[in-house]
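*Asks:* everything below, folded, please.
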Amino acid sequence: NPMALNIGLHLSVAAAESPKELFPGIWMHLCHRSGGIFLLVVNADRDNSVQIEVNCTQSVNLTSSRKTLRTKDIVPPQTRQLLMVLTQARGVNHYAWNCNYSFAQLPPLYRMMHGNEPPHQPPLTGPTDMHMQLPLDGPIAAAERQ
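*Replies:* Predicted coordinates:
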């Protein structure tokens, strides 16, 4: 079940590392484990979206779950999104990772003025994409309360 996998990834990454607060109510989780590097954003702000640009092009021997090492996403209020998963390329013994990210808080008026701007670059593949945004009050919140 792709949704169950997505929920499991979100829970695992959020629990693994202490998040960095980007703005009040908006956190970046960066989890580095032997299986890979996971980047997750949680936007608990009630009004503002957050735009996150991730650049891992200086990394060596890593592949991205998004098929590119540079992404740009707009994460709406009250949602979370797994931005990228980096894993070691096949057939190599070592890797080095270097990820930079920039972020901006976007007020509600921004989306009204720039509604034609794609929210994800590269685009997500559909509702079963593990990078799809999930609501904070959905199945993840229920699982976290258990």
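*Asks:* if you average pLDDT per helix and strand, which one of the chain comes out bottom?
*Replies:* Least confident helix or strand, the chain: helix 139-145 with a mean of 51, by mean pLDDT, DSSP states H and E.
*Asks:* need the residue closest to the centroid of this protein.
*Replies:* Taking Cα atoms, centre = their mean, the centroid of the chain lies closest to Leu83, which sits 2.4 Å from it.
*Asks:* could you look up the SS state of Leu109?
*Replies:* helix (DSSP: H, G, I helix; E, B strand; the rest coil).
*Asks:* typo on my end, Ile37
*Replies:* Secondary structure state of Ile37, per three-state DSSP, is strand.
*Asks:* identify the single longest strand in this structure, thanks.
*Replies:* strand 79-88 (DSSP state E).
*Asks:* direction included, what does that one pair against?
*Replies:* Strand pairing for strand 79-88, using DSSP bridges, gives strand 36-43 (antiparallel), strand 62-64 (antiparallel), strand 134-135 (antiparallel).
*Asks:* thanks a lot, see you next time.
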